[in-house]
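Enquirer: My questions concern the predicted model and sequence given below.
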Amino acid sequence: MTLLTLLLTCLITAGPPGLDAWRWPLGPPAPRIVRAFSPPSSPWGPGHRGVDLAAHPGQAVYAAGPGRVSYADHLAGRGVVAIDHGVLRTTYLPVRPSVHVGRRVASGTRIGIVEGVLLHCPVPCLHWGLRRGALYLDPLTLVQRQVRLLPRWPRPAPSQSRPAAGPAQPRMVLRDATTATGGALAGVVLTLSLAFAWRRTRLRFRLHRHRRPPPGVINLSQERRLRRTP
């Protein structure tokens, strides 16, 4: 059921105060539906702008709801009756009218009889239409009120919605990562410091070995150290 159909159903159900209920234009019993409503995709496109109800020539036709007769005459070789119901209008054809334009009718008032003219039905039928302005609506919404409820979906069990938890895996938090990074950095600094000290010591040793005085030259510093030694 579309939103427009639901709103129309609510409007019809509420109705103005003091109005009678809507009813089938034929019967009782309720007539058989020969062809359902099939709205066109565009105002000039093909479609079925109403419903066809199985009928027989001479069968009485009744107003589906209270209103005022706005048309009751022959049109294109067939009798047509139209009734205004406020913002809605119902049409009935082929019908030999028994009412005149301007007459107020109640729901169930006899407005004519079915003519023996075949329309687009394989058997004699009554074409029943419903309009709101220039918009064609399904007239069955007047007599077949339906409310569609959403299904209630079952909630999945916790075991189905969540995977089974496995053994806890150790993971490194932010503090652990910082500590590990600081330890690695300290190790790198210590390694570089030891390498630098070793290279510096080795360089001093080489320089001291290559600075021995040539033969015949007295090293005064070495002589002083020797004389001070008791």
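Expert: The structure has been received and is ready for your questions. Bear in mind that the values here come from a model prediction, so they are computed numbers and not experimental data. Numbers count the residues shown, from 1 in each chain.

Enquirer: Which residue ranges make up each domain of the chain?
Expert: Using automatic domain parsing, the domains assigned to the chain come out as 3-142, 177-228.

Enquirer: Let me know which of these is tucked in deepest.
Expert: domain 3-142 (a mean of 16; mean count of other CB atoms under 10 Å). C-beta coordinates here come from the backbone N, C-alpha and C atoms, glycine included.

Enquirer: so where is this structure shaky, pLDDT-wise?
Expert: 1-20, 43-45, 47, 145-183, 203-219, 229-230 (pLDDT under 70).

Enquirer: please redo it, this time with the cut-off set to 80
Expert: In the predicted model of the chain, residues 1-21, 40-47, 118-120, 145-189, 196, 198-230 satisfy pLDDT under 80.

Enquirer: can you give me the strands in it?
Expert: 33-35, 51-54, 60-62, 67-75, 78-85, 88-93, 95-97, 104-105, 110-114, 125-132, 135-137 (DSSP state E).

Enquirer: who touches the shortest one?
Expert: Around strand 104-105, the neighbours that count as contacts under CB atoms under 8 Å, 6 or more residues apart in numbering are 63, 66-69, 83, 99, 111.

Enquirer: same thing with stretch 39-54?
Expert: Outside stretch 39-54, the residues that touch it by CB under 8 Å, 6+ apart are 24-26, 31-38, 91, 119-121, 123-130, 134, 136, 138-140.

Enquirer: now stretch 119-127
Expert: For stretch 119-127, the surrounding residues in contact (CB under 8 Å, 6+ apart) are 25-26, 31, 34-35, 50-57, 59, 61, 78, 91-95, 114, 116, 118.

Enquirer: Kindly recompute the last result at 7 Å.
Expert: 25-26, 34-35, 50, 52-57, 61, 92-94, 114, 116, 118 (CB atoms under 7 Å, 6 or more residues apart in numbering).

Enquirer: Now do the end-to-end distance for that stretch.
Expert: 8 Å (CA to CA, to the nearest Å).

Enquirer: With adjacent residues omitted, what lies nearest to residue 118?
Expert: residue 124 (6.8 Å; CB to CB, 6 or more residues apart in numbering).

Enquirer: Run through the helices of the chain in chain order.
Expert: 3-14, 158-161, 174-210, 220-228 (DSSP state H).

Enquirer: on that earlier part again, switch the strands of the chain over to CSV; also include distance to residue 223.
Expert: Formatted as CSV, those follow (distance: least, CB to CB, whole Å):
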stretch, distance to residue 223
strand 33-35, 135
strand 51-54, 135
strand 60-62, 147
strand 67-75, 141
strand 78-85, 137
strand 88-93, 133
strand 95-97, 148
strand 104-105, 147
strand 110-114, 148
strand 125-132, 129
strand 135-137, 126
